[in-house]
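> model the structure of this input:
(one chain, ligands or ions: 1)
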Amino acid sequence: EEAGEEIIKVRERLSHIRHKLIVMSGKGGVGKSSVAAYLAIGLGRLGNRVGLLDVDFHGPSIPRMLGISGMFRFSEKEKALMPHEYEDHLKVVSIECLLEDRDAAVIWRGPMKHGVIKQFISEVDWGELDYLVIDSPPGTGDEPLSVAQTIEGTRAVIVTTPQEIALADVRKSINFCHHLAMPIVGLVENMSGYVCPHCGQESPLFGRGGGRRTAEQMNVHFLGALPFDPRLVEASDLGRTLTEREKASPFTLALSNFVSEV
Ligand code: ADP
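Residues are numbered from 1 along each chain as shown. Below you'll find the predicted structure:
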């Protein structure tokens, strides 16, 4: 009976969220969390109300990247957990905000993760959202499966780097989505080249065009390629993001070309 009640609560909350996007990758370290964060920020800057949900239980990186810390606040009035506010229009929730110690290792089994993911919808005061962007761990494990099962209508954005070893895994992610009948918004190729800050010349890092070719072969929309930008690493290590002023970043510039396509 309690389960039935929770399903109703999940549905109620979801009815106030228009678009749900899960950002996936075949491998770790390809920039999935960065793409999720900057996609959410970019959508917010276009005037959307955006939520960013980090369900990477074993390596949550969103709070660090955005310089968010501290536990959730429980609002007695709303009877719900209040997301962290980032800039003006971004509501952020991460598994890390449930942990007393941010360096604690999370040893949770699939069913527990599933329960927490459900609660991240049912117990959080997301309010009205145009977009909910979900950062999942790499691969095709429990978390993306739970998201697909719990958050009806979720569509996938898949991030890869251009080299063959990463592309082999991306094909698994694409097949996973097909298997679950989860629509794929498109494929993003990250770290696809390096723009020299001195001469502006772009050189490939891991080869070029692999993302587009894989997208074509697998019949998936290719959203675009994002170059390597050393300032992104610097910013995320400092717990901040490249701001509007830093529009000259080749990464954010390239991303702004397809934000409106999701
Ligand atoms: P994932 O979520 O796939 O593990 P992250 O988004 O955490 O990857 O990125 C891993 C590291 O690579 C971070 O230090 C991040 O700042 C850096 N990074 C990601 N994309 C880029 C990029 N296009 N240019 C430069 N650094 C990047």
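
> list the contacts of Val195.
Neighbouring residues of Val195 by C-beta atoms under 8 Å, 6 or more residues apart in numbering: 201-202, 227-229, 250. The C-beta positions use only the backbone N, C-alpha and C, and glycine is treated the same way.

> ok, now how distant is Ala235 from Ser173?
Noted for Ala235: a distance of 27 Å to Ser173, by C-beta to C-beta, to the nearest Å.

> who has more neighbours out of those two?
Ser173 (24 against 20; other C-beta atoms under 10 Å).

> residues in this structure within reach of the ligand, list them.
Applying C-beta under 6 Å from any ligand atom, one finds that the chain approaches the ligand through 25, 28-34, 61, 190-191, 226, 228-229, 232-233, 236, 251.

> just the buried ones among these, please.
25, 30-34, 61, 190-191, 226, 228-229, 232, 236, 251 (16 or more other C-beta atoms under 10 Å).

> re earlier: what's the most distant pair in the contacts of Val195?
Farthest-apart pair in those is Gln201 and Asp229; separation 14.6 Å (C-beta to C-beta).

> so how far is the one helix or strand Gly115 maps to from its chain's centroid?
Taking DSSP states H and E as the definition, Gly115 sits inside helix 110-122. Relative to its parent chain, helix 110-122 has a centroid offset of 17 Å by C-alpha atoms, centre = their mean, to the nearest Å.

> same check on stretch 253-262?
On C-alpha atoms, centre = their mean, the centre of stretch 253-262 falls 15 Å from the chain's centre.

> next: stretch 130-148.
With C-alpha atoms, centre = their mean, you get 8 Å for stretch 130-148.

> what's the span of that stretch from first residue to last?
19 Å (C-alpha to C-alpha, to the nearest Å).

> give the buried residues for it.
130-140, 142-148.

> below-threshold pLDDT in the stretch 151-262 of the chain: ranges please.
Residue ranges of the stretch 151-262 of the chain with pLDDT under 70: 244-247.

> let's see 80
Counting by pLDDT under 80, the ranges of the stretch 151-262 of the chain that qualify are 164-166, 195-197, 200, 202, 204-208, 243-248.

> now the strands for it?
154-160, 184-195, 202-203, 222-228 (DSSP state E, counting those that start in this stretch).

> within the sheet, what are the partner strands of the third one, with directions?
Yep, that's strand 202-203 we're talking about. strand 184-195 (antiparallel) (DSSP bridges).

> just the C-alphas of the strand it pairs with, formatted as CSV.
Output of strand 184-195 as CSV, limited to C-alpha atoms (Å, rounded to 0.1, in the frame of the first residue of the first chain):
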residue,chain,number,x,y,z
ILE,A,184,17.7,9.0,-27.4
VAL,A,185,18.0,12.8,-27.9
GLY,A,186,21.4,12.4,-29.3
LEU,A,187,25.1,11.7,-29.0
VAL,A,188,27.7,14.3,-27.9
GLU,A,189,31.4,14.0,-28.7
ASN,A,190,33.5,15.5,-25.9
MET,A,191,37.2,16.4,-25.8
SER,A,192,37.1,16.2,-29.6
GLY,A,193,39.9,18.6,-30.2
TYR,A,194,42.1,21.1,-28.6
VAL,A,195,41.9,24.8,-29.5
